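**Q** Predicted model and sequence follow; I will ask about them next.
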Protein chains: 4
Amino acid sequence: MASMFGDAVRVSIFGQSHSPAIGCSIDGLPAGIPIDFERLRAFLARRAPGRGDTATSRRETDEVEFIAGITEGHTNGAPIAAIVRNRDTRSSDYDELRHVPRPGHADWTASIKYGEYRDAAGGGHFSGRLTAPLCIAGGIALQVLESRGIRIAAHIAQLGHQPLTDEPLNPMELDEEQLEAITSNPLPCIDASVAQRMRQTILEAKSDLDSVGAVIECAAYDVPAGFGDPMFDGMENRIARIAFGIPGVKGVEFGEGFGAALMRGSTHNDPFCMRDGQPQMASNHAGGILGGVTCGTPLIWRMAVKPTPSIGTPQHSVDLDARRDAELTVHGRHDPCIAPRAVPVAEAACACAILDAMASSPGSIRLEDPHLNEL
Amino acid sequence: MASMFGDAVRVSIFGQSHSPAIGCSIDGLPAGIPIDFERLRAFLARRAPGRGDTATSRRETDEVEFIAGITEGHTNGAPIAAIVRNRDTRSSDYDELRHVPRPGHADWTASIKYGEYRDAAGGGHFSGRLTAPLCIAGGIALQVLESRGIRIAAHIAQLGHQPLTDEPLNPMELDEEQLEAITSNPLPCIDASVAQRMRQTILEAKSDLDSVGAVIECAAYDVPAGFGDPMFDGMENRIARIAFGIPGVKGVEFGEGFGAALMRGSTHNDPFCMRDGQPQMASNHAGGILGGVTCGTPLIWRMAVKPTPSIGTPQHSVDLDARRDAELTVHGRHDPCIAPRAVPVAEAACACAILDAMASSPGSIRLEDPHLNEL
Amino acid sequence: MASMFGDAVRVSIFGQSHSPAIGCSIDGLPAGIPIDFERLRAFLARRAPGRGDTATSRRETDEVEFIAGITEGHTNGAPIAAIVRNRDTRSSDYDELRHVPRPGHADWTASIKYGEYRDAAGGGHFSGRLTAPLCIAGGIALQVLESRGIRIAAHIAQLGHQPLTDEPLNPMELDEEQLEAITSNPLPCIDASVAQRMRQTILEAKSDLDSVGAVIECAAYDVPAGFGDPMFDGMENRIARIAFGIPGVKGVEFGEGFGAALMRGSTHNDPFCMRDGQPQMASNHAGGILGGVTCGTPLIWRMAVKPTPSIGTPQHSVDLDARRDAELTVHGRHDPCIAPRAVPVAEAACACAILDAMASSPGSIRLEDPHLNEL
Amino acid sequence: MASMFGDAVRVSIFGQSHSPAIGCSIDGLPAGIPIDFERLRAFLARRAPGRGDTATSRRETDEVEFIAGITEGHTNGAPIAAIVRNRDTRSSDYDELRHVPRPGHADWTASIKYGEYRDAAGGGHFSGRLTAPLCIAGGIALQVLESRGIRIAAHIAQLGHQPLTDEPLNPMELDEEQLEAITSNPLPCIDASVAQRMRQTILEAKSDLDSVGAVIECAAYDVPAGFGDPMFDGMENRIARIAFGIPGVKGVEFGEGFGAALMRGSTHNDPFCMRDGQPQMASNHAGGILGGVTCGTPLIWRMAVKPTPSIGTPQHSVDLDARRDAELTVHGRHDPCIAPRAVPVAEAACACAILDAMASSPGSIRLEDPHLNEL
């Protein structure tokens, strides 16, 4: 069940980097939800490659074809299915890789797990290209959540080995200026000058035939308290399960995260207070989650993205057929840093997790389909 | 489905801090696996409270009664079920908490999600006490894995706000001396002097009526390559899903984790080399996982544990009934740092995730039934 | 995952016929549902053995201990867990059966699947005794459904090899007289004289050291239209999945069932008509389900129960140890017909399936927990 | 999760009768399984419409495009995804049906459950057309099972309201002559004269603008003992869950099925005997399953298929918009009996259930990955 997630809204992802198509099915959305395809396209464009000098020059048009589940621009209650044709693939780039695994990639583990019939081209099913169908599901989830007042935003919080750090997302309430900055800057950052220096760092890595890692921060605003379940289906578990499905993610943290280990309880605990006659939390070290359940403050989380393993520098590897050491130079076209393109993917992951928690969270025996009452 | 995890070996956990009993069922283990109950008891004792001055003085004998699934000391193929009676509970300690939520605890979110009939005593189903049944499942999983040569160890890697840092677990191979040190030191650390200073830090926090956070590092040695699945059922996803089910965990990372964001690809990538005629990885920045699949190097991961929210210092809260601000002093008996007791819980979580991946991974190494071949 | 069912309300069953206890956990019920324990006890008593001359003389007191999930007589949102101690077990009755499988029982398949460590006593986990925890879950489900106006009833529709046939349950609306008759007759039948003759047939089989089969019919009244999902999660699929989990069930049918194969479409189709300004179905050959989804008419289904395989007559078997033919006489104490005790089990299965469909059916992104709105 | 099934080999089905395409994904097959696409096409052709006078004249070419999961004619370990374009659709045939539900169809329940945005054309996601992707998954499963010696066959066991009954499938061992007869006769029957009379019955119903029901019998030969799990994941539960997902199926039974209710235990029990030094069952009333687990005899089951609800005769219905009674004549092109086309669908359902049980059963025979042993 590797490529499925979700309890009540279940997403199934399929495809390989160089298969005829990639796609997803989404089972469990109620009928009657309008989908704004123009906005979905714009969201997918943020992930797509081939935009500017910090990204790979591959062109993936990512034209989404919905083959099921949509009637007159609305969900119709049947599973949604969407596919994206793979077009600009150069499988010959990958011939050598069938027997010489690229360090840092899944070539090696794929050869162990799947043997000679694995699809080695472009990383096969392990490819970052599979984040496109995740963004289709996530883009739809974002629209459903927005219709209920939930807004999700992400940015590059940190980048490079001499770390450049962006201003943090407001942990207490949505700041429209921050969100505008993120979309208007050349890289998705709040601070324009940081964005500029990050861009410079990526270009330096590129010119060194190397790559850099980053941390993406993501926030969900106006999430009602009460989403998520205790123990293994908490909001942290749900988001982490999807986020670690994004290639290159090696760490996920919530609120203060690993920083919480450096604090005392008297500092880390978020006190409660009455405000406008309502009980509220006065700070948000918890990142909006207590006991796995959303507590009303913004949901804040971060994911660490390792430096792109595809680098132009020669690397030590082995020839699995000849069973001897080998030197490998990865050609092809690759991002020197996947962070800019990973930002919408983090938003998509966050939206899918919240939507599923919202739809599956017990807390009611539910019969609230308006159509039931109309008849 | 909050309190279940696993695909092929499915664990279901039940109980509240002050309910008559807590327990678990484990469905999917083949018949004929011997269980060493003495070792299981010893493993559970490492998690149990009431041992020494750094932990809570509550006594929980944690006597496990197996009520199903065991015949003559072996699994019999039916679901295993085990319960632990709750004995040393003082519910009166929690009377005030029904309407004054403790900062940093799930009292607030439980009141929102479950309303007046929630079990507030001792944190209810959100209590750290529920890690006892997780350790029953994990203790059994550890024994199954050990019978196949897989060894799991954890220690306190970092503790306190002026961080004390233990020596890391050997990332390339099991080091018996490290494991012995961890079990012989007063706190589960590799470096005896660090253990001593960590103990001091905890006692200081205790005397300040405060608490401290920590990072637990866990390693699994001799895990065969090929466990785990791509995308959402990778080893990272599986471990993270369980680990975030441990109360207080706010971050999970693998290999270099968040440190990977500070590296360049040329440094982070683990080169391959031939050794003794076999292809191997020359380093282990990946933490034993590439593309979600184990790659043959030790599996290394860390989890950040927030400072215990129960502190003796007065805190700001609200009275949910009177709807006004309130000051709260948590009495009861609590750990000033849960890290020492969280170490075996990390091992249990790791073992459960690996066992399930081993059993459910299509085409992978499996728990073979010898009886099928006999007939 | 053999012993779990449900998507949104997930039941996990554990125990063997002669293990220390049997029980279940139920995850996913919202908090605040009142449980009437007296009614639950009365419901379980209908399944319990030792009542009258048509049933086994084994006494199972079936005292249910709730060990988690209940606070002050209400669900508290945490998983419910309940156990029943096994007391009146005579394992020595089963010594021979370890190596001589009883025809018609799972002894043979258990020996193949689980080998020497299987629990052979009393059928182990395959025992009909495991319907007790199913009835605990079902008894709770029945109460939840009744609070929403849904009533479930079952009776013995047919019994014996010269079939005795009871009056069918009213397929169009609940008939209180029928329900009273079922509970007041010596066997759960609508027609008192049929009940009497069925009792006679069972006693004849008993005196012949033989057993008889039966068909149980079950109806759910006032189920709202719209429950269940297309394809593999329709109401038929959900009920059948649970019903085939009841030992001895070999067939499940809905509405006209196998009789539909004998009809023409013009007769089988249920026409629609307007009644009191509402569209309705004028007949109910469909058994209340169209396309897997409830359509507003009563949900009607039947299950075929094979004759109890435990009979006092000598039977041909084999000695698995000596590997030679053997003659077996089943001693122990057994029901000559399980139908009377299977009637409440059918109701329990039906209730669990409907409750889960109600709670998991997409058709709304739901936030209807009253507690969310109160705060 | 309506349109997914399977634990270890998980199939997800999508599409509507008139959506751009229908299809499926199949997650969990190991890499390296060869697929014979020519045989798969031949299998799908048996289900496709437009063949002869007993079926609908709709032409669905059912050209399958595999868009993922296949490399050089073998599974590559990634999820398989396949789509079939919908071409010969005449949505205008269904305009009236948007507000006048067809008796016996899911139009009514779809209108309740999904409201105005449901896809009413051709039954939408409830259409029998969705059995095409089920047959893609089943056709692949059949090939995997055949490579392990398991053979599956089905035929029309009974048809019409004056029932015509075919010779039963051999319950003790595969009979090649029976299988050849099934494929060579004009309808899939063992007895040629029965096939001829069934054909006549269908044509009579067609000329009466009516339809007839049928019973399909399916057998799986040489299934090893030990597949399937106790309680809710037995072979009966697994097959029933898929079979009730086939539109029009109203009953499922195993072995003697409902006939078992008419037997005494002394007759129904299958005695064991030694044959060629091996313990075996001397008869097969159980239909190859005891306690949910395969017992070594052929697996035998039947499903009741209701008469096609689409008939040319005028029927009573209601106009949901005008809220008044209405008369409806279904035009379009429909099968007067779906049994001939349902035969391969039963085989597909059976194959999917057995393959999943084989792959997911703990401790059972599994799809071994040869590559793990090579390294």
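**A** Good, I have the coordinates. Computed from a predicted model, the values in this text were never measured in an experiment. Residues are numbered from 1 along each chain as shown, chains lettered A, B, ... in the order given.

**Q** Roughly how far does A:I242 sit from chain C?
**A** 18 Å (C-beta to the nearest C-beta, to the nearest Å). Any C-beta I mention is one placed from the backbone N, CA and C, and that applies to glycine too.

**Q** With A:M281 instead?
**A** Separation of A:M281 from chain C (C-beta to the nearest C-beta): 13 Å.

**Q** Next one: that residue relative to D:K113, how far apart?
**A** Applying C-beta to C-beta, to the nearest Å, the value for A:M281 to D:K113 is 39 Å.

**Q** Now for whatever residue of the stretch 251-375 of chain A ends up closest to chain B, how many residues are close by?
**A** The minimum distance from the stretch 251-375 of chain A to chain B, using C-beta to the nearest C-beta, falls at A:G291 (2.5 Å). Per other C-beta atoms under 10 Å in any protein chain shown, the neighbour tally for A:G291 reads 28.

**Q** shouldn't it be in contact with B:T109?
**A** Yes: in this structure, A:G291 is within contact of B:T109 by C-beta atoms under 8 Å, at 5.2 Å.

**Q** Which residues of the stretch 201-350 of chain A lie near chain C?
**A** Residues of the stretch 201-350 of chain A that fall close to chain C, judged by C-beta under 8 Å from any C-beta of the partner chain: A:P224, A:A225, A:G226, A:P230, A:Q278, A:P279.

**Q** again, 10 Å this time
**A** Contacts of the stretch 201-350 of chain A with chain C, taken as C-beta under 10 Å from any C-beta of the partner chain, map to A:P224, A:A225, A:G226, A:F227, A:D229, A:P230, A:M231, A:D233, A:Q278, A:P279, A:G296.

**Q** Phi and psi next, for the last one.
**A** Listed backbone geometry of A:G296 is phi 110, psi -30, with angles given as degrees, to the nearest 10.

**Q** Least confident secondary structure element in chain A?
**A** Least confident helix or strand, chain A: helix A:370-374 with a mean of 33, by mean pLDDT, DSSP states H and E.

**Q** For the top helix by length along chain A, output the C-alpha coordinates as CSV.
**A** The longest helix of chain A (DSSP state H) is helix A:339-360. Provided in CSV are the C-alpha atoms of helix A:339-360 (Å, rounded to 0.1, in the frame of the first residue of the first chain):
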residue,chain,number,x,y,z
ALA,A,339,13.4,23.7,-2.0
PRO,A,340,11.7,26.2,-4.3
ARG,A,341,9.7,23.5,-5.9
ALA,A,342,9.1,21.7,-2.6
VAL,A,343,7.3,24.6,-1.1
PRO,A,344,4.0,24.0,-2.8
VAL,A,345,4.5,20.2,-2.2
ALA,A,346,4.6,20.9,1.6
GLU,A,347,1.4,22.9,1.3
ALA,A,348,-0.2,20.0,-0.6
ALA,A,349,0.9,17.5,2.0
CYS,A,350,-0.4,19.7,4.8
ALA,A,351,-3.7,20.2,3.0
CYS,A,352,-4.2,16.5,2.3
ALA,A,353,-3.5,15.6,5.9
ILE,A,354,-5.8,18.2,7.4
LEU,A,355,-8.7,17.4,4.9
ASP,A,356,-8.4,13.7,5.8
ALA,A,357,-8.4,14.4,9.5
MET,A,358,-11.4,16.7,9.1
ALA,A,359,-13.3,14.1,7.2
SER,A,360,-12.4,11.1,9.3
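
**Q** For chain A, which residues score under the pLDDT cut-off?
**A** A:1, A:50-61, A:88-94, A:333, A:361-375 (pLDDT under 70).

**Q** again, only using 80
**A** By pLDDT under 80, the low-scoring segments of chain A are A:1-2, A:49-62, A:88-97, A:332-334, A:361-375.
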